[in-house]
Structure formats: C-alpha cells, structure tokens
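Please work out how this folds:
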Amino acid sequence: MVQAKAGDIVEVHYTGKLDDDVPFESSRGGEPLQFCLGEGRMIEGFEEAVIGMSPGERKTVAIPPEKGFGLYREDLVISVDLKDLPPDLAVVEGMSLEICEDDGKGIQVQVTEIEEGIATLDANHPLAQQTVTFEIELLTISKGAEGETSSAGGST
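Okay, the predicted model is just below:
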C-alpha cells in the first residue's frame, strides 16, 4: 500500500482539539486540506503524523508545543505607546493587528492590555504553549512530478 512521504501532495480531513476536547479548527464539513509534505507549511508534528499514512487511514496524535504552535516567548511581547499607532485606529483589548517588522514583513499580534496610553502587543500564536490533538484522515496522495494519485479507492 502507498504511504505518504516528503515531497508528496496530500489531502486530509482533520479536527484540532485542545485539552478540553473542544475543537478549535476542523476541515470536516468543508474542503479537505491539501499540502505538500516537507515544505514546512504545516506545523512540524502534523506533518510528522501524516508521513507513513496510507489513503483511508485515520489517526489521532497529540502534538506538544515544541512541534506545534511553539513555546510562549516573552520576547514576542512588546509595549507600544498608543500615540505611535495610526490615529484612526480604535485599539481595544483582544483585537488582532498586523504590524510590520523592520524588513517590511507583516506579523499578527494581539492586543492583550491597554493601560495608561500603552498597548501591550503579543506576537505569540494564540495556541502557543499548548499541546494540541489532531484527528487526521488521509484522503489522497499525489506523487509530485509523476502525477500519480492514490486514494482510499485506489490509483487514478
């Protein structure tokens, strides 16, 4: 049976859950997720879980922060004077913003606190420091340049 490996394009259905068993994201009921294994588009633990799977196979995997959304880093939390933000921006706690780094690259931050004219911005992923569990079902594997596709029903 065909097994997924680096360089393969795969389609999966997945449901991501936190410790409380409440889903935070799912492809069920929608389009499956398609990505190329080994490109780093997905979190490391998710890709590692898919490698070796065959079409039609399902698995549940717990992914620690180090292979998931990362450990919480204090150096990704900054304080900004509200006067340094655009004047037409109504900043409130809990809102997400995109700020530009020195190299022009945009990064997502969340406003975690506003006190005495200073906004605290956190660039950590909202799921940083958490172990996440994914239920994964591999639907298809496409073999890159060969164009051959394997699915739970066979090759096409």
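
and the closest residue to residue 36 other than its chain neighbours, bridged to which residues?
Closest residue to residue 36 apart from its sequence neighbours, by C-beta to C-beta, 6 or more residues apart in numbering: residue 9 at 5.1 Å. The way it works is simple: take the backbone N, C-alpha and C, and place the C-beta from them, glycine included. Residue 9 has the following beta-bridge partners by DSSP bridges: residue 36, residue 142.

show me the contacts for the residue located most distally from the centre of the chain.
Residue farthest from the centre of the chain, counting by C-alpha atoms, centre = their mean, is residue 116 at 34.0 Å. Listed by C-beta atoms under 8 Å, 6 or more residues apart in numbering, the contact set of residue 116 is empty.

can you start the count at 435 instead of 1 from here on
Right, with 435 as the first residue, what we last looked at is residue 550.

Tell me how far it lies from residue 446.
47 Å (C-beta to C-beta, to the nearest Å).

what does residue 435 give?
Distance from residue 435 to residue 446, by C-beta to C-beta: 17 Å.

Likewise for residue 549?
Counting by C-beta to C-beta, the gap from residue 549 to residue 446 is 43 Å.

go on, residue 570?
For residue 570, the distance to residue 446 - C-beta to C-beta - is 6 Å.

shared neighbours of the two, which are they?
residue 484.

quick one: low-confidence parts of the protein?
Within the chain, the ranges that satisfy pLDDT under 70 run 578-590.

just checking, residue 570 touches residue 483?
Yes - counting by C-beta atoms under 8 Å, residue 483 is a contact partner of residue 570 at 5.9 Å.

okay, and the common contacts of these two?
Joint contacts of residue 570 and residue 483 (C-beta under 8 Å, 6+ apart) are 493, 495.

how about the strands in this protein?
Assigned by DSSP state E, the chain shows strands spanning 443-451, 457-460, 467-470, 492-497, 511-515, 530-534, 540-549, 552-556, 566-577, 582-585, 588-589.

Residue 477 is nearest to which of these?
Distance to residue 477, taken as C-beta to C-beta, is lowest for strand 492-497 among those, at 6.7 Å.

any idea how far residue 533 is from residue 516?
For residue 533, the distance to residue 516 - C-beta to C-beta - is 14 Å.

likewise residue 525?
6 Å.

Could you name every residue contacting both of the two?
Shared contacts of residue 525 and residue 516, counting by C-beta under 8 Å, 6+ apart, come down to 548, 553.

How many neighbouring residues does residue 535 have?
Counted with other C-beta atoms under 10 Å, the neighbours of residue 535 add up to 9.

Fine, thanks again, bye for now.
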